[in-house]
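Enquirer: Sharing a model prediction with you, sequence too.
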Amino acid sequence: MIKLNKNYILALMASIFFMGMAGTDIYIASLPKIVKDFNTTPNIVNLTLSVYTIGVAIFVLFADILSSRFGRRPVIITAISIFTITSFLISISSSIWFIIILRFIQSTVGVIFICSRQVLKDIMDQREQVRANGIILAGLVISPAIAPVIGAYLSYHFGWRSCFIFSGLLGAVVLGFTFKILPETNQSMLSALPKLGPYVKNYFAILGDKFFLSITAIYGSASGAFFAFIGISSYLYINNLGVTPIVYSYIYILMSVAYLAGNQYMLALNRAETSYNKIIGIGVFSTIIGALVIFASVPFSHRLMIIIIITAGSMFMRAANALTNPATQVITINYFKEKGGIALGLAMSLNYVMMGIAIVLVTLFHKDPLEGLIIISLLFSIIGLAAFYLVRRKIAEL
């Protein structure tokens, strides 16, 4: 193993991961205000979310090959630099379409989600990697918990543009520490980029595997159902239910608690050597239960009751992510053996695509956001259920 200060590097990787996650979380509460300031529609403004997720889906596919050729450090530094510059440009932009383009460019930060794990693999043994990945993935809990609250307060006192100024400053700080702390950890870089044809052919071969499509549909549908909530919740809570942006941001703390609870339950099931079928099945049915709970809010007229029911249902869907994601990822990487890394990268890419599609679809219902949330969350949860029943026997055999 390379003799480095692993704790410093781990802290840096966790900070980088948090920065990438917070890039979206921080301005969620400001979406209705952005619609008003640009005199446009939620369909247009929500493209800043969907193009970002789809952009990440594209760039994660090339993270491995780029870092294998040019090194982890240059790729990570370039991605953070782009994130930082585009954040500042967004903060001064006078065109919503220019912001949408910048958000797509900003999504190059998606390469860090792969490269950060590669750095840890380069310098740590397997047991150290398990602990390190657990710390890095804490960003999935911490960022949605605190970034929307920070963003809501910034937007309230200084306007929504301050959210992107904050992201830019955060990126600049992380970039400085990256230059100082991160060495090049890839000791066997390729002398040249491999030919694109065979590289793409591997992806298409995996994409044609029915088991891969089904297991990825389970993975992506759970994420898609929750991202329908992310895409429409600010309009639902703030515009329709009269919740203030700051109070609305606190709801994301509850979502983080739900994810943490789901994660702890998954770990308990795993320690008890519960079958993957059961773990994934619980996650799939939790997604459906969440969608049905949200649907149960329809007969109520009292705003507080509607808020409580919708929030509870969304928490079920968020907890489901913590159950389905790890199990499906482990199955994917092991099922495809030597091509497991490529398969997992493709699965992550398709997962982001489904999240982006969920945001686009749910925003079509911006005039009736509750109806949209119900329809799209139910749609994705049914897709996940159908995919689960297609492969549950195969999972049991594995």
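Expert: Looks like it arrived, so ask away.
Enquirer: I165: what's it in contact with?
Expert: S87, F88, S91 (CB atoms under 8 Å, 6 or more residues apart in numbering). (C-beta placed from N, C-alpha, C; glycine too.)
Enquirer: What pLDDT does the model give the residue nearest to S275 when sequence neighbours are not counted?
Expert: Spatial nearest neighbour of S275, chain neighbours left out: A396 (6.8 Å); criterion: CB to CB, 6 or more residues apart in numbering. pLDDT for A396: 83.
Enquirer: what helices or strands is whichever strand or helix holds A396 leaning on?
Expert: Taking DSSP states H and E as the criterion, A396 maps to helix 369-397. Contacts defined by 3 or more CB pairs under 8 Å, 6 or more residues apart in numbering; DSSP states H and E place helix 369-397 against helix 210-234, helix 276-295, helix 303-335, helix 340-363.
Enquirer: Identify, out of those helices, the most deeply packed stretch.
Expert: Stretch with highest mean neighbour count among these: helix 210-234 (a mean of 26; mean count of other CB atoms under 10 Å).
Enquirer: Where do the strands of the stretch 1-150 of the chain begin and end?
Expert: Assigned by DSSP state E, counting those that start in this stretch, the strands in the stretch 1-150 of the chain number zero.
Enquirer: Where does pLDDT dip in it?
Expert: Within the stretch 1-150 of the chain, the segments meeting pLDDT under 70 span 1-4, 126-127, 129-131, 133-134, 137-140.
Enquirer: How about residues contacting stretch 218-226?
Expert: Residues beyond stretch 218-226 that count as contacts (CB under 8 Å, 6+ apart) turn out to be 280, 283-284, 287, 290-291, 314, 317-318, 320-321, 324-325, 328-329, 332, 347, 350-351, 353-355, 357-358, 376-377, 380-381, 383-384, 387-388, 391.
Enquirer: sorry, back to before: any chance of the contacts of I165 in TSV, plus distance to S107?
Expert: Formatted as TSV, those follow (distance: CB to CB, whole Å):
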residue	distance to S107
S87	12
F88	16
S91	17
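Enquirer: burial measure for L364, as a count.
Expert: For L364, the neighbour count with other CB atoms under 10 Å is 14.
Enquirer: In this structure it contacts G372, no?
Expert: Yes: counting by CB atoms under 8 Å, L364 does reach G372; the two are 6.7 Å apart.
Enquirer: Identify the residue spatially nearest to I383, adjacent ones excluded.
Expert: Using CB to CB, 6+ apart, the closest residue to I383 is S221 (4.5 Å).
Enquirer: since we're on Y389, how many residues are nearby?
Expert: The burial count for Y389: 12, using other CB under 10 Å.
Enquirer: thinking again about what came up before, would you turn the contacts of I165 into CSV with distance to Y199 and neighbour count?
Expert: As requested, the contacts of I165 are exported to CSV (distance: CB to CB, whole Å; neighbours: other CB atoms under 10 Å):
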residue, distance to Y199, neighbour count
S87, 31, 25
F88, 34, 17
S91, 37, 18
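Enquirer: Which ones among these map onto helices?
Expert: S87, F88, S91 (DSSP state H).
Enquirer: Same question for the helix holding A396: list its buried residues.
Expert: Residues of helix 369-397 classed as buried: 369-370, 372-381, 383-385, 387-388, 390-392, 395 (neighbour count, 16 or more other CB atoms under 10 Å).
Enquirer: Could I get the phi/psi values of T244?
Expert: phi -70, psi 150 (degrees, to the nearest 10).
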